[in-house]
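A.B. asks: Here you go, sequence then predicted model.
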Amino acid sequence: MSRIKILHVVRNLGTGGTEEGVRKLLTGLDQSIFEQLVCAVVAGPTTDPITGARIVRLGLEPDQSGFLLPSLFRVFRREQPDVVHSRNWATIEAVPAARLARVPALVHSEHGLDVTTIRTQPWRRRAFRRMCLEWADCTFAVCNGLRSYYARQLVVSPERLHVIRNGVDTDRFRPDGMVRAVLRQRLQVSPSTMVVGTVSRLDPIKDHRTLFGAVERLVSRGLDLCLVIVGDGPERGRLQSDVQARPMLRGKTVFVGEVNNVPEWLNSFDVFVLPSLSEGLSNTLLEAMATELATIATRVGGNCEVIEHQHSGLLFEAGDVDGLADILKNLAADCVRRALLAKNGRERIQSEFSLQRMLLDYTGLYRQLTSRKTLATAALSGSLRADGATEDPKY
């Protein structure tokens, strides 16, 4: 039996939550069942240096946009995939292109919002997304909050959209005392210093300035804090300038940049903060909780589905500097509570957001869609018995 050929379509296979999710599939799905490759809109290498996966490139520049449908159509006709899976608005043209190319199964998924579409989608996007909802065999979001958002925007029942949640490797992301000691020595912090950290793309939607404001207030009151920012992005220069303009943060803030050892840096933290204005289902939130950190996040998107407030983490309103400062002050004064939140957080990730569960969900989706298409083709050709039947598909 031949393997199921999956073609993942992304803007680029760089850094970010969506890209990390694709890489988990590239390395985690059963290679005896699936053959996988990537189509990326942006120019770059034809092999992913992290997973070794083959990448077909459309050749656009990072800041360039264009009409992608003809190029995607040619890629699909040449590669003959069994499943095309596009992600987010940047690659949604893959849906009609795949339909025109007669790809057997089409999947489109939504993984988050950008700062310009938090409240509403432009009408052209809404109209095109509605058409693609009809053309795709499965459309899903990574959390219930994002599903509800798109159901409202497209004026459809939430049942028209499915949910497949992200998962995290809890063996790779776990507490490690030895690593913690090494990284904290590198940060040159004392055992009594509370290290507050975040890991994310440096983008306006992540709202690092709310975190800056909260830490600044507490340092000005004499609390022994160190702020660690892991990640890179278009906001880095502005954020570094902002820190330099705040005397209380100078010498207390470390910009680590983009790293390939995120698990180690997470172990250096005492508290993880995700201050985003909007989220789908944050991979770094899952990773921080799996690392057994006391975790604080804004009450937006999938954060509310991951964190059980006051039990496995703490939630605050987006942009609320005072609220975040109060939470950090209380955690700085109560290491027992920090440890309990951290323990409960890891247990929640292990039970509800494991990588194994995520891979099983995607395996089920891809196999069911291709099985359904095979049966439909056989029925049209008259090769099925008249009384043939299959169980109702999940997707």
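C.D. replies: Good, I have the coordinates. Keep in mind it's a predicted model, so treat the numbers as computed, not measured. Numbering: from 1, shown residues only.
A.B. asks: what bridges to T198?
C.D. replies: Here T198 shows beta-bridge partners I229, assigned using DSSP bridges.
A.B. asks: Neighbours of it, how many?
C.D. replies: Neighbour count for T198, taken as other CB atoms under 10 Å: 24. To be clear about C-beta, it is placed using only N, CA and C from the backbone, and glycine gets the same treatment.
A.B. asks: cool, and Q36?
C.D. replies: 23.
A.B. asks: Read off the pLDDT value for it.
C.D. replies: Looking at Q36, its pLDDT reads 98.
A.B. asks: SS state for it?
C.D. replies: Assigned by DSSP: H, G, I helix; E, B strand; the rest coil, the conformation of Q36 is strand.
A.B. asks: Not counting sequence-adjacent ones, nearest residue to it?
C.D. replies: I6 (4.7 Å; CB to CB, 6 or more residues apart in numbering).
A.B. asks: And D114, by the same measure?
C.D. replies: Distance criterion CB to CB, 6+ apart; nearest residue to D114, sequence neighbours excluded, is I205 at 6.1 Å.
A.B. asks: Spell out the residue ranges of the helices in the chain.
C.D. replies: 17-28, 69-79, 94-100, 123-135, 144-154, 177-187, 208-220, 236-244, 262-267, 283-290, 303-306, 321-332, 335-352, 355-380 (DSSP state H).
A.B. asks: Give me the phi and psi for A333.
C.D. replies: Dihedral pair for A333: phi -90, psi -10, per degrees, to the nearest 10.
A.B. asks: gap between it and D326?
C.D. replies: Per CB to CB, to the nearest Å, A333 is found 11 Å from D326.
A.B. asks: Tell me which of the two has more neighbours.
C.D. replies: Ranked by neighbour count (other CB under 10 Å), A333 and D326 place D326 first, with 15 against 11.
A.B. asks: From L225, how far off is E352?
C.D. replies: For E352, the distance to L225 - CB to CB - is 31 Å.
A.B. asks: Neighbour count: these two, which is higher?
C.D. replies: L225 (24 against 14).
A.B. asks: Test for you: state the pLDDT assigned to the more buried one.
C.D. replies: On the pLDDT scale, L225 gets 97.
A.B. asks: was I right about it contacting V196?
C.D. replies: Yes - L225 is within contact range of V196, at 5.8 Å (criterion: CB atoms under 8 Å).
A.B. asks: where in this protein is pLDDT low?
C.D. replies: The chain contains residues with pLDDT under 70 at 1, 373-395.
A.B. asks: which ones are touching the residue nearest the centre of it?
C.D. replies: Closest to where the C-alpha atoms of the chain average out (CA atoms, centre = their mean) is G17, at 3.2 Å. With contact taken as CB atoms under 8 Å, 6 or more residues apart in numbering, G17 is in contact with 111-112, 166, 280, 282-284.
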